[in-house]
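Q: Fold the stuff below for me.
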Amino acid sequence: MKYLITYDNKPPRNYTALYTLLNSWSAARVAESVWLAELKGPASAVRDLVRAKLDPSDRVVVIELKTGSDWATCHALPAGNDWLKRNL
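A: Below you'll find the predicted structure:
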């Protein structure tokens with residue numbers, strides 16, 4: 001399954017554990033706090049894994065993407081834009 005993963009990391013910000021997790025998934029960053037990944041679901045399990053790397057007050061949103069989904073970007077990071085082209 002393909003997912004969009006986004007978060008609001010509130011101060012004090014520490015991204016090390018989160019970035020390690022996302023990089024282990026070969027996730028592609030499309031914007032500052034928006035990543036794309038192909039993972040086994042469900043979305044709630046992905047959310048829980050991401051949430052475990054953040055503080056309890058941080059926000060996490062995980063949305064399943066489907067092949068053929070309509071999308072558009074402006075100034076997206078190249079790796080994320082390439083991921084979208086290949087996967088949707």
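
Q: quick one, helices of the chain?
A: With helices called from DSSP state H, the chain shows them at 16-24, 43-51, 78-87.

Q: I'd like the ones you listed as a markdown table, with distance to Ser69 and mean neighbour count appended.
A: From N, CA and C alone the C-beta is placed, and that goes for glycine too. Listed next are the helices of the chain as a markdown table, based on distance: least, Cβ to Cβ, whole Å; neighbours: other Cβ atoms under 10 Å:
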| stretch | distance to Ser69 | mean neighbour count |
| --- | --- | --- |
| helix 16-24 | 21 | 14 |
| helix 43-51 | 15 | 16 |
| helix 78-87 | 9 | 15 |
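
Q: Tabulate those helices (TSV), appending mean pLDDT.
A: Below are these laid out as TSV (pLDDT from 0 to 100):
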stretch	mean pLDDT
helix 16-24	96
helix 43-51	97
helix 78-87	96
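
Q: between these, which gets nearest to Ser33?
A: helix 16-24 (9.5 Å; Cβ to Cβ).

Q: Any idea how far the closest one is from the middle of the chain?
A: On the basis of Cα atoms, centre = their mean, to the nearest Å, helix 16-24 is displaced by 11 Å from the centre of the chain it belongs to.

Q: how about the CA coordinates for stretch 49-63, as CSV?
A: C-alpha atoms of stretch 49-63 as CSV (Å, rounded to 0.1, in the frame of the first residue of the first chain):
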residue,chain,number,x,y,z
LEU,A,49,5.1,3.5,14.3
VAL,A,50,5.6,7.1,13.3
ARG,A,51,3.9,8.4,16.5
ALA,A,52,6.3,6.2,18.6
LYS,A,53,9.2,8.3,17.3
LEU,A,54,7.6,11.7,18.2
ASP,A,55,6.5,13.4,21.4
PRO,A,56,2.9,12.6,22.6
SER,A,57,1.7,16.1,21.7
ASP,A,58,2.8,15.9,18.0
ARG,A,59,0.3,15.4,15.3
VAL,A,60,0.5,12.5,12.8
VAL,A,61,-1.6,11.9,9.7
VAL,A,62,-1.4,8.9,7.4
ILE,A,63,-3.4,8.6,4.2
